[in-house]
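okay, sequence plus prediction incoming.
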Amino acid sequence: MNNLAVREAIERLRESWGDRLLILGHHYQDSEVVAYCDAVGDSLELSRLAAASKAERIIFCGVRFMAETADILIRDEKGLPCGRSVWQPAPDAGCPMADMADGESLEAAWQYLATLCDDRPLTPIVYVNSNAEVKAVCGKHGGSACTSGNGLRVVKHFLSLGHRILFAPDQHLCTNIMRELGYPPEAVATWHRKLPNGGLSKEQVQAARLIAWDGCCPIHASYTVDDVATARATYPGAELLSPPEAPAAVASLADQTGSTKGIIETIARAEPNQTFIVGTEEHLVRRLANRKEPKVVSLRPIICEDMGLTTLEQILNVLQNWDEACCVKVKDELVLDARACVERMLAL
Ligand code: SF4
């Protein structure tokens with residue numbers, strides 16, 4: 001089937017489903033895919049749209065944890081399926097960072113650290129870019145999810161209650177949040193997941209206010225101080241926008257750190273003669289750069305391969321076959337705890 005035939009077939013099937021179908025796409029999806037999405041946004045925004053819609057079938061163009069979050073939020077009050085379902089056109093699209101933490105390891109870390117924290121309560125916080133089982137462990141222990149946009153508010157809330165935080169899986173996001181909150185580097189201890197007991201002693205744990213899981217997004221973590229120096233020399237006067245998932249050495253050089261949504265809004269509000277260097281996934285940077293004004297350039301072009309796995313052919317395949325391999329179903333026993341973790345964040 002040629003590209004035009006694929007597009008026409010998608011359109012025909014979308015029309016036949018009408019309001020019973022919702023196609024969602026993450027900002028990092030290819031523009032060709034985005035063109036067929038009813039809404040484009042960040043993972044949480046899209047999951048909330050999925051939950052608020054009445055659509056029977058939701059096709060989520062993104063990676064696994066995003067489709068899982070949508071499934072968690074559309075279940076009934078008992079956490080059971082309610083006749084609505086979430087479909088992922090590229091079922092192999094995962095997230096390398098989310099896979100750096102699993103439920104069993106987080107539970108073990110929690111148990112070990114909780115016994116050492118006899119001086120203050122320990123609360124888990126997980127980045128929404130995490131697998132359902134990780135969210136469920138967090139929810140079970142009274143913790144909350146966070147996004148790159150609201151992470152500062154969530155962390156600040158639990159610190160203000162006097163709690164110590166176990167943050168997973170993105171070490172850079174929480175380190176940058178602590179820096180922005182004015183904490184010195186010693187306030188963060190790193191949990192090395194491959195070392196016994198995370199490589200942390202009771203003294204090290206009690207000296208810290210936040211224990212950072214040693215995961216990271218390989219895309220954002222790969223930006224360097226040299227990238228910043230090169231871009232600043234090439235585009236003098238440009239503003240550097242960086243997400244807080246970049247290493248602290250890079251994020252601290254940015255003119256502004258913020259979520260994907262924050263970056264998009266900053267550029268939308270800018271004067272036409274401004275120039276922005278953007279340090280995030282290339283599919284999004286390209287789309288932002290397609291507009292003539294303001295000028296947008298990449299800090300260094302990096303593609304998230306998992307985000308790039310979704311194709312129009314796969315969307316058509318879901319619409320034609322509804323193959324069970326593409327249906328995302330979080331284990332029933334995880335749903336209520338995982339949802340509690342997400343809902344705690346929404347309530348803050
Ligand atoms: S960009 Fe990073 S956080 Fe997002 S899906 Fe890719 S690896 Fe995961």
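On my side now, so go ahead. Numbering: from 1, shown residues only.

low-scoring stretches of the stretch 201-348 of the chain, by residue?
Within the stretch 201-348 of the chain, not a single segment meets pLDDT under 70.

residues of it that sit close to the ligand?
C217, P218, I219, E281, C304, D306, M307 (Cβ under 6 Å from any ligand atom). (C-beta placed from N, C-alpha, C; glycine too.)

can I get the buried part of the residues you listed as one ChimeraX selection?
A single ChimeraX command selects the buried members of these (16 or more other Cβ atoms under 10 Å):
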select :217,219,281,304,306,307
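
with secondary structure and distance to L46 added, can I get the residues of the stretch 201-348 of the chain next to the ligand in CSV?
As requested, those are exported to CSV (DSSP: H, G, I helix; E, B strand; the rest coil; distance: Cβ to Cβ, whole Å):
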residue, secondary structure, distance to L46
C217, coil, 18
P218, coil, 22
I219, coil, 19
E281, coil, 16
C304, coil, 16
D306, coil, 16
M307, helix, 13
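
with respect to C326, which of the residues of the stretch 201-348 of the chain next to the ligand is nearest?
Nearest to C326 out of those is D306 (Cβ to Cβ; 15.3 Å).

residues in contact with that closest one?
Applying Cβ atoms under 8 Å, 6 or more residues apart in numbering, we find D306 in contact with V63, A93, G94, C95, P96.

so which of these sit within helices?
Using DSSP state H, no member of these falls within helices.

if we can go back for a sec, check the residues of the stretch 201-348 of the chain next to the ligand and tell me the two furthest apart.
Between all members of those, the farthest pair (by Cβ to Cβ) comes out as P218 and M307, at 11.9 Å.

how near is the residue positioned nearest the centre of the chain to the ligand?
For the chain, N129 is the residue whose C-alpha lies nearest the centre (Cα atoms, centre = their mean; 3.6 Å). To the ligand, N129 is 5 Å away according to Cβ to the nearest ligand atom, to the nearest Å.

distance to S53 added to the residues of the stretch 201-348 of the chain next to the ligand, as JSON lines?
Shown next, in JSON lines, are these (distance: Cβ to Cβ, whole Å):
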{"residue": "C217", "distance to S53": "28"}
{"residue": "P218", "distance to S53": "32"}
{"residue": "I219", "distance to S53": "29"}
{"residue": "E281", "distance to S53": "26"}
{"residue": "C304", "distance to S53": "26"}
{"residue": "D306", "distance to S53": "25"}
{"residue": "M307", "distance to S53": "23"}
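
count of neighbours near the residue lying closest to D99 once chain neighbours are set aside?
Take D99 and drop its neighbours on the chain: the residue closest to it by Cβ to Cβ, 6 or more residues apart in numbering is N131, 7.2 Å away. By other Cβ atoms under 10 Å, the residues close to N131 number 25.

mind listing what N131 touches?
Neighbours of N131 in contact, by Cβ under 8 Å, 6+ apart: R64, F65, E68, A98, D99, A101, D102, G103.

okay, the residue in the stretch 1-150 of the chain that the ligand sits nearest to: pLDDT?
Going by Cβ to the nearest ligand atom, the ligand is nearest to C95 of the stretch 1-150 of the chain, at 3.3 Å. For C95, the pLDDT comes out at 97.

count the neighbours of it for me.
22.

and it, how close does it get to A67?
Between C95 and A67 the distance is 11 Å, computed by Cβ to Cβ, to the nearest Å.

ok, now T234?
From T234 to A67 the distance is 38 Å (Cβ to Cβ).

which one of those two has more residues nearby?
Between T234 and A67, counted using other Cβ under 10 Å, A67 has the larger neighbour count: 31 against 10.

how near is the more buried one to H192?
With the distance defined as Cβ to Cβ, A67 ends up 30 Å from H192.

the helix or strand harbouring G139: which residues count as buried?
Taking DSSP states H and E as the definition, G139 sits inside helix 132-140. Neighbour-count burial for helix 132-140 flags A132, E133, V134, K135, A136, V137, C138, G139, K140 (criterion: 16+ other Cβ under 10 Å).

ok, now stretch 309-325?
L309, T310, T311, L312, Q314, I315, L316, N317, V318, L319.

that stretch: how far from the chain's middle?
23 Å (Cα atoms, centre = their mean, to the nearest Å).

who's in contact with that stretch?
With contacts defined as Cβ under 8 Å, 6+ apart, stretch 309-325 is touched by 1, 3, 6-7, 9-10, 13-14, 17, 23, 29-30, 32-33, 36, 57, 59, 61-62, 87, 89-93, 326.

now do the contacts for the residue of the stretch 101-250 of the chain at minimum distance from the ligand.
Nearest residue of the stretch 101-250 of the chain to the ligand: C217, at 3.3 Å (Cβ to the nearest ligand atom). Counting by Cβ under 8 Å, 6+ apart, C217 makes contact with C95, P96, M97, N129, D170, H172, E245.
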